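Visitor: my questions are about this predicted structure, shown below with the sequence.
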Amino acid sequence: MTRPTQAELLTKLAACAGELDAIYAECAKAYSDFGLSAADFRDAVVGAVNKYLIGLADGSAMPSTEEISRFLGELQDRDLFLAIACARGNEHAWWEFDRQYRSFIERWARHLVRSGTDADEVIDSVYVELFGTRVLDGVRQSKFRTYTGRGTLRGWLRTVILHTVVDLYRGRKTEISLEDWSGNGDETAERYVRPNATRGTEELMLTSVVRDRYRSATIAALDQSLAALDDHETLLLLYYHVEGLKLREIARIVEQPRSPIRRWFQRRRGSTPSSRIHESTVMRWLEKVYRKVSDRFRAELAEKHGLNAAEIEICKAIATEDQMQGVKFDRSPAVSETYQEEAGKPRV
Amino acid sequence: MTRPEANKETEAIRYMIHQRLKARPATESPSSEHLDEDSICAFVEGRLEEAEASPVISHLVACSSCRQTTAQLIRFESQFDPEAESAASEKNTGSLSLLLERLASRLTPSFEEDAVFAYHDPSADQPTEAVSESGPEKPKDGD
């Protein structure tokens, strides 16, 4: 199937014209002096539908009328209306934006960076980016043009400000990572409670060759087990073990009833979507993932590497003993790429 | 397997997973482009349908930079002074709905196994008036 054309999408959207007109009328009434036409607003909505219901979804299927209708119902319509008007340079819209968000932008920027001077620089940069200094085909490229109304304008601004902070530090070519300036870098290091590895007599007799063999099998089996996880499960592990998010912070991201991670786990548990998410719930999700990895890990070692139960225990003992002795449980080359280096790619 | 054995097993696998994931290269993004602010915001706010979220989640698994951005947003958000959010937009403030949700959550039992873990405050058994006497909790986020 090919991607639906703009004309096809407009035809489909016409079925929801009543809803769209009502949304526009309500926004135009609230912001009567923004000078935004119904066509301007519709074009922005078409762009949002195109991006999320076609682009991010399977990319070829035309969304149904019901899907478009639900999408319109969830649209942060007033935020979008304000953003479009600002992008078009309407002065009233800018004053309104400044009134609603200036304080928030300043507080958030000062929350992210400790230095007052840096915060001022971030705030200035954000405003410059929002206004847009580059002109393409006679159109000023305001950052507001990238806002679609799928999330809140406030949440979008948070992300823009965070990226601006990252860009600021990258621009200075510092080696400061996000953890360094945010002061949250120690959590992950303290996260893991070292298990008490017992030094079995059989291990003492192992030659380094044998140890290497078991270590290689262990790493290969673990990698296979992790690769077999669903992306939702992997992301949960990464948030907890790599990004150092606390259980309550992960619970926060999934507390939205529509959170895709939450719905994925709940569907597999067969629980009701309205269940509240506690920190303990996230812990149980993690434990289920650990068990899944553990089962797969054992199966991999047994089936692909031909190890018996005792040898599998040796593999685990080697891994834990390596940690006790400060040996990095990794055979990959050390990677110390900073967030800034990786963050240098364009955003789409 | 006994429970202590199972716990030991989980502990060992947790350690190995921790070490292995921490050692993962940070530059495995499958594409040369990052998620934009709009998509990141929509994901963090939990507004994406599953079909929309699927490619975003796959990207976050592979792209440490975007994942770190989402993680930082979540972390900073939980640290952010709620006073800063007082001017939230009407549609998403949900101050009233948040209050009602909290009241409802205290008056109705949690579902399924969550109830086992959730602390049951005896005061939650009191009538609604008693709950509101202490005053509503200020919403953490105005969104």
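Guide: On my side now, so go ahead.
Visitor: which residues are in contact with A:Pro4?
Guide: A:12, A:54, A:60-62 (C-beta atoms under 8 Å, 6 or more residues apart in numbering or on different chains). Backbone N, C-alpha and C define where each C-beta goes, glycine included.
Visitor: at 10 Å what do you get?
Guide: Counting by C-beta atoms under 10 Å, 6 or more residues apart in numbering or on different chains, A:Pro4 makes contact with A:11-12, A:50, A:53-54, A:59-63.
Visitor: return the backbone torsion pair for A:Val135.
Guide: Here is the backbone geometry of A:Val135 (degrees, to the nearest 10): phi -120, psi 130.
Visitor: ugh, wrong one, I meant A:Glu74
Guide: Torsion angles, degrees, to the nearest 10, at A:Glu74: phi -90, psi -10.
Visitor: repeat that for A:Arg114.
Guide: According to degrees, to the nearest 10, A:Arg114 has phi -80, psi -40.
Visitor: show the pLDDT at it.
Guide: With respect to pLDDT, A:Arg114 has a value of 77.
Visitor: now the one 5 residues further on
Guide: The score at A:Ala119 is 90. That number is its pLDDT.
Visitor: tell me which residues of stretch A:89-105 come out buried.
Guide: A:90, A:93-94, A:96-97, A:100-101, A:104-105 (16 or more other C-beta atoms under 10 Å in any protein chain shown).
Visitor: restricting to those residues, which residues neighbour chain B?
Guide: Among the buried residues of stretch A:89-105, proximity to chain B is found for A:100-101, A:104 (C-beta under 10 Å from any C-beta of the partner chain).
Visitor: gap between the helix or strand that contains A:Leu9 and the chain center?
Guide: Element membership for A:Leu9, per DSSP states H and E: helix A:6-14. Centre-to-centre, helix A:6-14 and its host chain are 30 Å apart (C-alpha atoms, centre = their mean, to the nearest Å).
Visitor: count of neighbours near the residue of chain B found nearest chain A?
Guide: Closest approach between chain B and chain A, counting by C-beta to the nearest C-beta: B:Gly46, at 2.7 Å. Per other C-beta atoms under 10 Å in any protein chain shown, the neighbour tally for B:Gly46 reads 20.
Visitor: same thing with A:Val139?
Guide: 12.
Visitor: could I get the pLDDT score of residue 107?
Guide: You didn't say which chain, so I picked chain A. 92.
Visitor: wait, chain B was what I had in mind.
Guide: For B:Leu107, the predicted pLDDT is 44.
Visitor: can you check A:Glu342 too?
Guide: So A:Glu342 comes in at 50 (pLDDT).
Visitor: now swap in A:Ala30 and tell me
Guide: In this prediction A:Ala30 is given a pLDDT of 96.
Visitor: reduced to three states, what does the residue of chain B closest to chain A come out as?
Guide: coil (DSSP: H, G, I helix; E, B strand; the rest coil).
Visitor: wait, doesn't it sit right on A:Arg150?
Guide: No: between B:Gly46 and A:Arg150 there is no contact under C-beta atoms under 10 Å: 11.2 Å.
Visitor: below-threshold pLDDT in chain A: ranges please.
Guide: Scanning chain A for pLDDT under 70 picks out the ranges A:1, A:57-60, A:173-207, A:255-278, A:322-348.
Visitor: re earlier: now for B:Gly46 and A:Arg150: what residues contact both?
Guide: In contact with both B:Gly46 and A:Arg150: no residue, using C-beta under 10 Å, 6+ apart.
Visitor: got the CA coordinates for the helix holding A:Leu9 in CSV?
Guide: Output in CSV follows, covering the C-alpha atoms of helix A:6-14 (Å, rounded to 0.1, in the frame of the first residue of the first chain):
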residue,chain,number,x,y,z
GLN,A,6,-3.0,14.9,1.0
ALA,A,7,-6.2,15.1,-1.1
GLU,A,8,-7.3,11.7,0.2
LEU,A,9,-6.7,12.8,3.7
LEU,A,10,-8.6,16.1,3.2
THR,A,11,-11.5,14.1,1.9
LYS,A,12,-11.5,11.9,4.9
LEU,A,13,-11.2,14.9,7.2
ALA,A,14,-14.2,16.4,5.5
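Visitor: packing partners for it?
Guide: With contacts defined as 3 or more C-beta pairs under 10 Å, 6 or more residues apart in numbering or on different chains; DSSP states H and E, helix A:6-14 has these neighbours: helix A:17-30, helix A:38-49, helix A:65-74.
Visitor: between those, which one is closest to A:Arg3.
Guide: helix A:38-49 (12.8 Å; C-beta to C-beta).
Visitor: what about that closest one, near chain B?
Guide: Yes: for helix A:38-49, a contact with chain B is found by C-beta under 10 Å from any C-beta, at A:Ala48.
Visitor: tell me which other helices or strands that helix touches.
Guide: Partner elements for helix A:38-49 (3+ C-beta pairs under 10 Å, 6+ apart): helix A:6-14, helix A:17-30, helix A:65-74, helix A:77-87.
Visitor: hmm, A:Gly244 is touching B:Leu21, no?
Guide: No: counting by C-beta under 10 Å, no contact exists between A:Gly244 and B:Leu21, whose distance comes to 11.4 Å.
Visitor: switch the buried residues of stretch A:89-105 over to TSV; also include distance to A:Ala217 and secondary structure.
Guide: Supplementary listing: the buried residues of stretch A:89-105 in TSV, determined by distance: C-beta to C-beta, whole Å; DSSP: H, G, I helix; E, B strand; the rest coil:
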residue	distance to A:Ala217	secondary structure
A:Asn90	65	coil
A:Ala93	63	helix
A:Trp94	63	helix
A:Glu96	63	helix
A:Phe97	59	helix
A:Gln100	59	helix
A:Tyr101	56	helix
A:Phe104	53	helix
A:Ile105	53	helix
